[in-house]
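Visitor: return a 3D structure for these sequence lines:
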Amino acid sequence: MARASGGSVALSSLWPGRTDRLIIAPHDLRTADATRAAEIYAGRFVFAGKIVTCHGRSIFEIEPPSEDWEVALLGFGWLRHLRAADTALTRANARALVDDWLSNPNYKRPMARRADVLARRVISLLSQAPLVLGDTDGKFYRRYLRGLAREIRYLRSATIDIVDGVPKLQVLIALCYASLCLANQAKHIRAAARKLSEELQRQILPDGGHISRNPGALIELLTDLLPLRQTFAARNIAPPPALLNAIDRMMPMLRFFRHGDGSFALFNGMSGTPSDVLATLLAYDDTHGAPMSNMSHTGFQRLDAGNTILIMDTGPAPPPSVSQDAHAGCLSFELSSGTSRIVTNCGMPSTGRDNWRSFARGTAAHSTLTYHETSSCQFVELSAMKRLLQGAPIVSGPTDVESYREAVANGALLTTSHDGYVHRFGVIHRRALMLAPDGTRLDGEDTVVLASDGRSKASETDYVLRFHLHPSVKASRLSDARGVMLVLPNRDVWTFEALDDRVELEDSVFLAGNDGPRRSAQIVIRQNSQHAPSIRWSFVRSTSSPSTTAARRNVRREPELPL
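Guide: Down below sits the predicted model:
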């Protein structure tokens, strides 16, 4: 049975007379699964969809099957599964594995020294100290502390060369933990808290979003920041104001990105939502209020009506230094009804990302307009540059993204535009969305217009409008080829219509499933901006759907967008 690891533990009762060294173990919010302890004891290490069996060898000697697997192994997060089992056997197993790592310098592969991996390992060794040290003797205890101190020294030197964004924050968080958990570290506590505060103020935007614009960054960071706040309190040290302020701003963003089924919207590298961790984080949310509608600093809009939710990307590309996972999805949106997802972006798989990264980041993998089959952002292409920059950041993309929302007679109107295609094609993409007050109808219009200083190329006037459907949606094209019938898992029936355009139903792929990529469908409309610069479309819930209210029957079928 999976459960969260226990809270902060004072270590004075475990080693009388030795509390001058390691004095507290921080809380681990990540979910632990006691059943995985038996696998690890049997020498089977299952990480990132790959299985490696030791067959009596040290797990650290075996060639890793993938980078994701190696990152999981060397981060030592799997110790929490052994702690969840809480038996003498699993404690001894944990101690033997940690001792194997700390005692053999031959295991120090390049991945082990990567700053974010090193940060995860330091946090794991601190938080799981009660597991590893609970039944041990003074000799092992001293060896553990020496090894931990060595890892912390490596981590302090790693701050010189580190990827910007979440990895940089993870290193600073780990250094804060290290200074708080070891005694006689007052000088390091002040320095670590100051550096973390400066970085939080830079990376966490005023509305609570992360500078990378990846919703998943919030989950990753809060999982460490919330226990860090507790650890400061356990040491009777006031947490830095910047830490408290960052947490207070980030928590509402968790609700902002959630669909009715609890999953996060798929923007800028977001993969499957870790629902168990998210539920733990939301338990710390004291406000429990309705999600905000406009996150202007991060660049997202949300429309709520009835049980329908629409979340839209209305922001420019993030700064290049934090854009390694950013997508070319400007003006894409996701739509859900109750607990059923309807329109999604393809997202990013949680493992094996390199196989899908190029496709997943492109505009065509998002529910928006693609001009001349070209992404609205351009990424670093040269392999040498990718190695140098440790990724493929965005080198150009939308810079002027406008969004304006207003309440109108027929619902909430959201009018947006972006200039991602101006430089290459001299055109601007405009998108207007209107959600009916009862949530049973979404009307939209996508338009390609010539920029004021645009130089439209006559040979490049084609564009495609895509709406990627969630795999749980059963889609059937209507006989007139102007629409698609959508049947949701809850038996609601929605109809997509574009009365002036031919609608195709094509294959797609949903990458963010917890069980790996899944086949799905996409609604596709192809047009030419010279002949038809605008496409009007709608999603309408059938009046016979179980969740449709009787009042919706009296609403006019074809409300006009007040554009």
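Visitor: show me what contacts the residue nearest to the spatial centre of the chain?
Guide: Against the mean C-alpha coordinate of the chain, by C-alpha atoms, centre = their mean, the closest residue is residue 216 at 1.8 Å. By C-beta atoms under 8 Å, 6 or more residues apart in numbering, the residues touching residue 216 are 264, 269-271. Heads up, the C-betas are built off the backbone N, CA and C, glycines and all.
Visitor: residue 403 too?
Guide: Contacts of residue 403 (C-beta under 8 Å, 6+ apart): 296, 301, 314, 414-416.
Visitor: what of residue 176?
Guide: So residue 176 contacts 189, 192-193, 196, 228 (C-beta under 8 Å, 6+ apart).
Visitor: which non-adjacent residue is nearest it?
Guide: The shortest distance from residue 176 to any non-neighbouring residue, by C-beta to C-beta, 6 or more residues apart in numbering, is to residue 192 (4.5 Å).
Visitor: any idea which element that neighbour lies in?
Guide: When elements are assigned from DSSP states H and E, residue 192 belongs to helix 186-203.
Visitor: quick check: phi and psi at residue 466.
Guide: With angles defined as degrees, to the nearest 10, residue 466 sits at phi -120, psi 140.
Visitor: correct me, but it touches residue 373?
Guide: No - under the criterion of C-beta atoms under 8 Å, residue 466 makes no contact with residue 373, lying 10.9 Å away.
Visitor: mutual contacts of the two, please.
Guide: Common neighbours of residue 466 and residue 373 (C-beta under 8 Å, 6+ apart) are residue 364.
Visitor: neighbour count for these two, which is higher?
Guide: Using other C-beta atoms under 10 Å as the criterion, residue 466 and residue 373 rank with residue 466 on top: 24 against 12.
Visitor: where does this protein have its least confident helix or strand?
Guide: strand 2-4 (a mean of 45; mean pLDDT, DSSP states H and E).
Visitor: ok so, going back, tell me the one of the contacts of residue 216 nearest residue 50?
Guide: residue 271 (16.5 Å; C-beta to C-beta).
Visitor: please, which helix or strand holds the closest one?
Guide: Short version, using DSSP H and E: residue 271 is in no helix or strand.
Visitor: separation between residue 26 and residue 512?
Guide: Per C-beta to C-beta, to the nearest Å, residue 26 is found 30 Å from residue 512.
Visitor: scratch that, residue 211
Guide: From residue 211 to residue 512 the distance is 22 Å (C-beta to C-beta).
Visitor: export stretch 170-183 to CSV, keeping only CA atoms.
Guide: Extracted C-alpha coordinates of stretch 170-183, given in CSV (Å, rounded to 0.1, in the frame of the first residue of the first chain):
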residue,chain,number,x,y,z
GLN,A,170,16.7,22.0,-6.3
VAL,A,171,20.4,22.5,-5.5
LEU,A,172,19.8,25.5,-3.3
ILE,A,173,16.9,23.7,-1.5
ALA,A,174,19.2,20.7,-0.9
LEU,A,175,21.9,23.0,0.5
CYS,A,176,19.3,24.6,2.9
TYR,A,177,18.3,21.1,4.0
ALA,A,178,22.0,20.2,4.6
SER,A,179,22.7,23.3,6.7
LEU,A,180,19.6,22.7,8.8
CYS,A,181,20.0,19.0,9.4
LEU,A,182,23.6,19.2,10.4
ALA,A,183,24.6,20.9,13.7
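Visitor: low-confidence ranges in the stretch 51-200 of the chain?
Guide: 105-107, 160 (pLDDT under 70).
Visitor: which stretches in the stretch 251-400 of the chain count as strands?
Guide: 294-295, 300-305, 308-313, 333-337, 340-344, 369-371, 378-379, 394-396 (DSSP state E, counting those that start in this stretch).
Visitor: nearest to residue 498, of those?
Guide: strand 369-371 (12.8 Å).
Visitor: what about the stretch 451-563 of the chain, any weak spots by pLDDT?
Guide: 453-458, 545, 547-563.
Visitor: where along it do the strands fall?
Guide: 462-469, 474-477, 483-487, 493-497, 504-510, 518-528, 534-541.
Visitor: what's the separation between the residue lying closest to residue 253 once chain neighbours are set aside and residue 333?
Guide: Once flanking residues are discounted, residue 253 sits nearest to residue 208: 4.1 Å by C-beta to C-beta, 6+ apart. Separation of residue 208 from residue 333 (C-beta to C-beta): 20 Å.
Visitor: also residue 274?
Guide: For residue 274, the distance to residue 333 equals 23 Å [C-beta to C-beta].
Visitor: residue 527 now?
Guide: Distance from residue 527 to residue 333, by C-beta to C-beta: 19 Å.
Visitor: one more: residue 495?
Guide: Applying C-beta to C-beta to residue 495 and residue 333 gives a distance of 18 Å.
Visitor: so between the two, which is more surrounded?
Guide: Neighbours per residue (other C-beta under 10 Å) separate residue 495 from residue 333, with residue 333 holding more: 29 against 14.
Visitor: which residues does the more buried one bridge with?
Guide: residue 312 (DSSP bridges).
Visitor: that one contacts residue 312, correct?
Guide: Yes - the pair residue 333 / residue 312 is scored as a contact, 4.0 Å apart, by C-beta under 8 Å.
Visitor: what touches both of those two?
Guide: With C-beta under 8 Å, 6+ apart as the test, residue 333 and residue 312 both reach residue 433.
Visitor: gap between residue 121 and residue 72?
Guide: Taken as C-beta to C-beta, the span from residue 121 to residue 72 is 11 Å.
Visitor: quick check: which ranges of the stretch 251-400 of the chain have low pLDDT?
Guide: The stretch 251-400 of the chain contains residues with pLDDT under 70 at 287-290, 381-391.
Visitor: switch the cut-off to 90
Guide: Counting by pLDDT under 90, the stretch 251-400 of the chain has low-confidence residues at 272-276, 278, 283-294, 324-325, 349-358, 379-396.
Visitor: which residues touch residue 489?
Guide: Contacts of residue 489 by C-beta under 8 Å, 6+ apart are 339-340, 472.
Visitor: for the residues you listed, which one is nearest residue 537?
Guide: Of these, the one sitting nearest to residue 537 (C-beta to C-beta) turns out to be residue 340, at 19.6 Å.
Visitor: nearest spatial neighbour of the closest one, skipping sequence neighbours?
Guide: In this structure, residue 340 finds its nearest non-sequential neighbour in residue 488, 4.0 Å apart by C-beta to C-beta, 6+ apart.
Visitor: list the contacts for that neighbour?
Guide: Residues near residue 488 by C-beta under 8 Å, 6+ apart: 337, 340, 342, 472-473, 494.
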